[in-house]
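1. Predicted coordinates and the sequence they were generated for:
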Amino acid sequence: MLTFNGSVFMPSVFTLIGIPGLEAVQCWIGIPFCAMYLTAVTGNSLILVIIKSENSLHIPMYILLAMLAATDMALSTSILPKMLGIFWFHLQEISFDACLLQMWLIHSLQAIESGILLAMALDRYVAICDPLRHATIFSQQLLTYIGVGVIFRAAILIVPCLVLIKCRLKLFLSTVVFHSYCEHMAIVKLAAEDTRVNKILGLFVAFAILGFDIIFITLSYVLIFITVFQLPQKEARFKALNTCIAHICVFLQFYLLAFFSFFTHRFGSHIPPYVHILLSNLYLLVPPFLNPIVYGVKTKQIRDQVVKMFFSKKVT
């Protein structure tokens, strides 16, 4: 690692600060973060075990839920262990390549989760608006294509951002990253070179993934609501809406936190840095933490299996 006029050429190591401005209380912030992580891992593992062991749940809705649970576990694990190492043990250094790997994992898993939420919205749309064709359309083969597709879409769209950092940015003003994990813009802002291409590509990828998905998710639920309110029977309307409540809660918490984090990070220059970082952390931690709770509370089949597993009897 060479230094030129205060700048660093091709750094081999970055230093993650954690939460700038709250360094003195980071050890306490780590406690609720750790509790959220343990809850996320336990809850999502339980959902995976239940769906795998119960044959009646081997249908598209629950297979997609299992995919979401696996993604949530991977997403929280890609950030929390290192973050807690920073908060509790001052393990702030991370190699350049490890930083890029963490960045790729975090952003790819975010994109995968967004793609799965889109697939879940389309599944509910077909199930409610065209129920007779649901089993034909959402076949096992289609679910396989969806799983492979969202993974490849995420990997392909995120990789160019990393390649540009690795191959194009050689000179950095500092190796101190004012963040608790390797976030794309936090690394790009350290570069002493022209980063306009990196920033434009980052915005394009964000809108290509989140923008595309949120448009079609919103359209799906608009069509669902139109169909539901045209149903003649009140009980049928309630039953149809009830199957969507958990999905809507998960959808809202993921995208609202995403937009708050995105806009404060890029346009909230007057907002204290620790607010930016806390929002970014919550965006990654809250969905994996809340998703299994939401589905456990709102989905009777999951709730019944949990009770059956722990109390050896099924709720009627």
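-> Structure received.

2. wait, what's in contact with the most centrally placed residue in the chain?
-> What sits nearest the mean C-alpha location of the chain, by CA atoms, centre = their mean, is Gln110, with 3.7 Å. Under the criterion of CB atoms under 8 Å, 6 or more residues apart in numbering, the contact partners of Gln110 comprise Leu75, Ala154, Ile209, Ala258, Leu284. For glycine as for every other residue, the C-beta is placed from the backbone atoms N, C-alpha and C.

3. try Arg153
-> With contact taken as CB under 8 Å, 6+ apart, Arg153 is in contact with Ala111, Gly115, Ile209.

4. do that again at 10 Å, thanks
-> By CB atoms under 10 Å, 6 or more residues apart in numbering, the contact list for Arg153 reads Ser108, Ala111, Ile112, Ser114, Gly115, Ala208, Ile209, Phe212.

5. leaving aside the residues next to it on the chain, what's closest to Leu57?
-> The shortest distance from Leu57 to any residue that is not its chain neighbour, by CB to CB, 6 or more residues apart in numbering, is 4.8 Å, and that residue is Ile51.

6. Was I right to think that neighbour contacts Ile302?
-> Yes - contact criterion CB atoms under 10 Å: Ile51 and Ile302 qualify, at 8.3 Å.

7. Now do the shared contacts for the two.
-> Taking CB under 10 Å, 6+ apart as the contact criterion, the common neighbours of Ile51 and Ile302 are Leu57, Tyr62, Leu65.

8. Let me have those in TSV, extended by neighbour count, distance to Leu290 and secondary structure.
-> Rendered in TSV, the data for the shared contacts of Ile51 and Ile302 read as follows (neighbours: other CB atoms under 10 Å; distance: CB to CB, whole Å; DSSP: H, G, I helix; E, B strand; the rest coil):
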residue	neighbour count	distance to Leu290	secondary structure
Leu57	19	21	helix
Tyr62	20	18	helix
Leu65	27	14	helix
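
9. Mind putting those into JSON lines with distance to Ile158?
-> Converted to JSON lines, these look like this (distance: CB to CB, whole Å):
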{"residue": "Leu57", "distance to Ile158": "31"}
{"residue": "Tyr62", "distance to Ile158": "28"}
{"residue": "Leu65", "distance to Ile158": "24"}
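
10. quick one: which of the residues you listed is nearest Gly30?
-> Within the set of the shared contacts of Ile51 and Ile302, Leu65 lies nearest Gly30; the separation is 29.4 Å, counting by CB to CB.

11. For the closest one, give its distance to Asp72.
-> When distance is defined by CB to CB, to the nearest Å, Leu65 is 10 Å away from Asp72.

12. what sits in contact with each of the two?
-> Common neighbours of Leu65 and Asp72, using CB under 10 Å, 6+ apart, are Asn44, Ile47, Ile116, Val250, Asn291, Pro292.

13. Quick check: the two most widely separated of the residues you listed?
-> Applying CB to CB across these, the maximum distance is between Ile116 and Pro292, 14.3 Å.

14. all strands of the stretch 1-150 of the chain, in order?
-> Remark: strands of the stretch 1-150 of the chain, listed N- to C-terminal, are 2-4, 7-9, 13-16, 93-95; assignment by DSSP state E, counting those that start in this stretch.

15. who's in contact with the longest one?
-> Applying CB under 10 Å, 6+ apart, the set of residues contacting strand 13-16 from outside is 1, 8, 82-83, 85-86, 91-96, 98-100, 102, 172, 174-182, 186-187, 190.

16. Surely Arg168 touches Met10?
-> No - taking contacts as CB under 10 Å, Arg168 lies outside contact range of Met10: 11.8 Å.

17. Just want to check the distance between Ser53 and Phe238.
-> With distances defined as CB to CB, the gap from Ser53 to Phe238 amounts to 30 Å.

18. where in this protein is pLDDT low?
-> Low-confidence segments of the chain, defined by pLDDT under 70, are located at 1-6, 236, 264-269, 312-316.

19. show me where it has helices.
-> All helices of the chain, identified by DSSP state H, fall at 26-53, 60-89, 96-129, 134-137, 140-168, 184-188, 196-206, 212-229, 234-267, 273-298, 300-311.

20. Ala111 and Gly149, how far apart?
-> Look at Ala111 and Gly149: by CB to CB, they are 11 Å apart.

21. Leu142 too?
-> In this view, Leu142 and Gly149 are 10 Å apart by CB to CB.

22. Having no further points to raise, I will conclude here.
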